[in-house]
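Peer 1: Quick check, what structure comes out for this input:
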Amino acid sequence: LSYRFGTLAAVNLKKMPQNSERVEVAISLRDQLHLIRRMGVCQSTPKTVKPLTENDLVVLLVRGTDLRQADIGMGLDTSDPYAMLRVGTIGSNFHDKDEDMDRVSGIVMDSLNPEWNFACRFTLPEGVDRTKLELHIVCQDKDIFTSDDPLGEVRIPLTELDEAEAKSKATTIKKPLTGKRAQGSIELMVGEAVDRTFIDRLEARMDNDGGATSWLAAYSQYWSRDVEDVQYYKTMIHFLLAGRSGVGGLSKWMLRKGGESRQWEGPFRNNCRTFMAHEDVRNHMANLGQRLGTDNLNGEVYRENFLGFQFLNDQMWPELKGVDAGIGLSSKQEAHALVRPLLDTMVGPKSTRWSREEIAARAADFFKDRTEIKVGWDFKVWVCVQLWKIHVGIDLTWEEADSFMKMQGKLLIGIGVPPGAVKSKPVRSLLGLDQALKEKATWLQRIKTALPKEFPETGKYDDATLTRLASNVMDSLLFAGGQSVQTVLTYCIALPYSEWGIENLPKDAIILTEENLWVYAMETMRVFAPVSGFSFREKLPTATVRQPDGKPCTSDPRVFCFIDGANKDPKAWGEDCNEFVMRPVEQYHKFGLTWADAAIVDGDNAHPNSHVCPAKDLSINLIVEFMRAYMRATIGETESKEGKNMEYSRWKASLTPDKISLNGYGVKSFVLTKNEPPI
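Peer 2: Purely as a prediction, here's the structure:
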């Protein structure tokens, strides 16, 4: 049975038996939001989820048809269209309308007939005269590195929309685009059609997989009524698109925002600043420890529930029961002080739980008699096995690690779902979050059981404290090393087989030997930063960040350090900072910030206020020793030790170089099959 509560769907129909009778219950969006609360899905009304009122305007921008070709030349002859929507006084300019009413669709690449299916809502002030207002839609062609090109606009009086909704429960309105050089038209819906089409779109995106994060950012404008949230998620659509546009796309987009100062008043609209210059990022990291204090009350700054630039909901950490629930990487200072020494003992540079020799042996075992490599996925599973053994002494089977990483994929999507949406039972069902959390609870119990055995000092803690420790260890396995190490490994091995790598890797990177292997790995991490950002929040009145006009902030300002930008600052890395160059070893030691290197107090990795990645050395060894084993399995151990070059032709890629695409978030998966050595 598929029960549809208006906008928020219940189940994925792919899982239904073929002969199942499908029964649908159509409930309006306004009624279903009240129903969800009565069902107990939302025990209270969070500020970002409120029932629709008569003042709410709900619109679904369906598609554009026969739009103008804005990208002409180089074989393109197409556009990358998106739409901006605002409500305001009839006849006024778009940018004169209230910015709080601003909504932005996702971008459809290389299309003159985009299917947006973008739902949004506008909450109008009490007592407003709707007869004087219009919905104003502006279509533009997205250009990453230059100004966006106009494609046309549409103005529709609200009275026309109200009349259309009153006449039919499923109304489609088609309007021609107007303006200089405009052509084509757009279609939108009002009424109950918005509810039905909206959830159909969610199901389709989940079925296709590959745009989950971007549609979550886009559709948050439908769930959220908090202005700051809407503005943030609107900005993140463009952030995500820039990262997916190709190698270096995110850095270029961010630097356009920052200009010569390499500072940007975003991604939040107010009380926020992103620093991109190497010196600024390093100084903020270096000063963080002394500003944190011993807890969140007596410090000048504090951490929030962010992973890089991504704001996280707290629902993926039910084990913490709402008490500082969130990712361990950004936990409150008193919680961090508890966990940090344990993590240092587990994975720190002086830990006795791992060694380079042991990692090398395990990497060699991976390649023994192996003739096929699933680039990406096999690395995920191998890294997972190593990290479980090192963290808590548990030897996972390959099948267990495979299952763990599949759960991780669901949770990576789940943590970024807007807070207002993640509490919805139908949405959780659609994304498989409840099942993932059940699996997480089972894994968490294994960690809790292992901790007192592996680390007797943890046996003194009560259940709540032990749960806190286990939750933070789980985060390390899921979202820290469990995500970043395998991502870097994938880049390292995929680059020489990709079109970008063939065209951009220098000769000394293509001619890879054991001698320059470490530099190759470090340069890969510099160009393809596994973590884009690092953030914290300053307290008033001691905050250093001010408003653009120089006035004090009106609330505690957020500070974002753009690591990827700092890694490409010419003042630190030279004029060739955007190129892949095998640099002197000392340059990486001096300027590297990939692991938040400067965020260490008195050189003490275990210090409660240190926020450098505790497993920096471990992660480097996992990457380098895996690559070393890969080379030895390819050309022979003796030959590799003697300095022979890597022979990439010994492995055949399942995709041609032009199909192995790279961007700021990863590499398209492919398979390497080992060729027999030439006679």
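Peer 1: For residue 530, which non-adjacent residue is closest in space?
Peer 2: residue 484 (3.8 Å; CB to CB, 6 or more residues apart in numbering). Yep, even glycine has a C-beta here, placed from its N, CA and C like the rest.
Peer 1: in what helix or strand does the one you found lie?
Peer 2: Element membership for residue 484, per DSSP states H and E: helix 481-494.
Peer 1: what about whichever helix or strand comes after that helix, average pLDDT?
Peer 2: Later in the chain than helix 481-494, the nearest helix or strand by DSSP H and E is helix 499-504. Regarding helix 499-504, the rounded mean pLDDT is 94.
Peer 1: show me what contacts residue 466?
Peer 2: Listed by CB atoms under 8 Å, 6 or more residues apart in numbering, the contact set of residue 466 reads 448, 451, 452, 458.
Peer 1: could you list every residue that touches the first one?
Peer 2: With contacts defined as CB under 8 Å, 6+ apart, residue 448 is in contact with 466, 467, 470.
Peer 1: Spit out the contact partners of the last one.
Peer 2: Put plainly, it is residue 470. By CB under 8 Å, 6+ apart, the neighbours of residue 470 are 319, 444, 447, 448, 451.
Peer 1: gap between it and residue 385?
Peer 2: Separation of residue 470 from residue 385 (CB to CB, to the nearest Å): 19 Å.
Peer 1: that older thread, could you save the contacts of residue 448 as a markdown table and add columns showing distance to residue 666?
Peer 2: Converted to a markdown table, the contacts of residue 448 look like this (distance: CB to CB, whole Å):
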| residue | distance to residue 666 |
| --- | --- |
| 466 | 35 |
| 467 | 32 |
| 470 | 29 |
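Peer 1: Residue 86: which of those residues is nearest?
Peer 2: residue 467 (46.4 Å; CB to CB).
Peer 1: Now do the helix or strand containing that closest one: distance to the chain's middle.
Peer 2: Using DSSP H and E, residue 467 sits in helix 463-479. The chain centroid and the centroid of helix 463-479 are separated by 21 Å under CA atoms, centre = their mean, to the nearest Å.
Peer 1: quick check: angle from that helix to helix 481-494?
Peer 2: 10 degrees (axes from the mean of the first three to the mean of the last three CA atoms, to 10 degrees).
Peer 1: Counting neighbours, which bits of helix 463-479 end up buried?
Peer 2: For helix 463-479, a neighbour-count test (16 or more other CB atoms under 10 Å) marks 466-479 as buried.
Peer 1: same deal with stretch 379-395?
Peer 2: So for stretch 379-395, counting by 16+ other CB under 10 Å, buried means 379-392, 394.
Peer 1: with those in mind, which one is nearest to residue 627?
Peer 2: Of those, the one sitting nearest to residue 627 (CB to CB) turns out to be residue 379, at 10.8 Å.
Peer 1: any low-confidence regions in this structure?
Peer 2: For the chain, applying pLDDT under 70 flags the ranges 1-55, 73-76, 144-145, 168-170, 191-193, 195-229, 420, 426, 677-679.
Peer 1: List the beta-bridge partners for the residue nearest the centre of it.
Peer 2: In the chain, the residue lying closest to the centroid (CA atoms, centre = their mean) is residue 310, at 5.9 Å. Taking DSSP bridges as the rule, residue 310 bridges to residue 307.
Peer 1: just checking, it touches residue 418?
Peer 2: No: counting by CB atoms under 8 Å, residue 310 sits too far from residue 418 to count as a contact (11.2 Å).
Peer 1: Can I get the buried part of the contacts of residue 466 as one ChimeraX selection?
Peer 2: Filtering the contacts of residue 466 down to the buried ones (16+ other CB under 10 Å) takes a single ChimeraX command:
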select :448,451,458
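Peer 1: any chance of the contacts of residue 466 in TSV, plus secondary structure?
Peer 2: Below are the contacts of residue 466 laid out as TSV (DSSP: H, G, I helix; E, B strand; the rest coil):
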residue	secondary structure
448	helix
451	helix
452	helix
458	helix
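Peer 1: Name the nearest of the contacts of residue 466 relative to residue 634.
Peer 2: residue 451 (39.4 Å).
Peer 1: ok, so what distance separates that closest one from residue 344?
Peer 2: 15 Å.
Peer 1: repeat for residue 282
Peer 2: The value you get for residue 282 to residue 344, if CB to CB is used, is 22 Å.
Peer 1: How about residue 530?
Peer 2: Distance of residue 530 to residue 344, given as CB to CB: 21 Å.
Peer 1: With neighbour numbers in mind, choose between these two.
Peer 2: More crowded of residue 530 and residue 344, by other CB atoms under 10 Å: residue 530, with 23 against 19.
Peer 1: what about that one, which SS state?
Peer 2: Going by three-state DSSP: residue 530 is coil.
Peer 1: repeat for the one 10 residues further on
Peer 2: Here residue 540 is coil, with the state taken from three-state DSSP.
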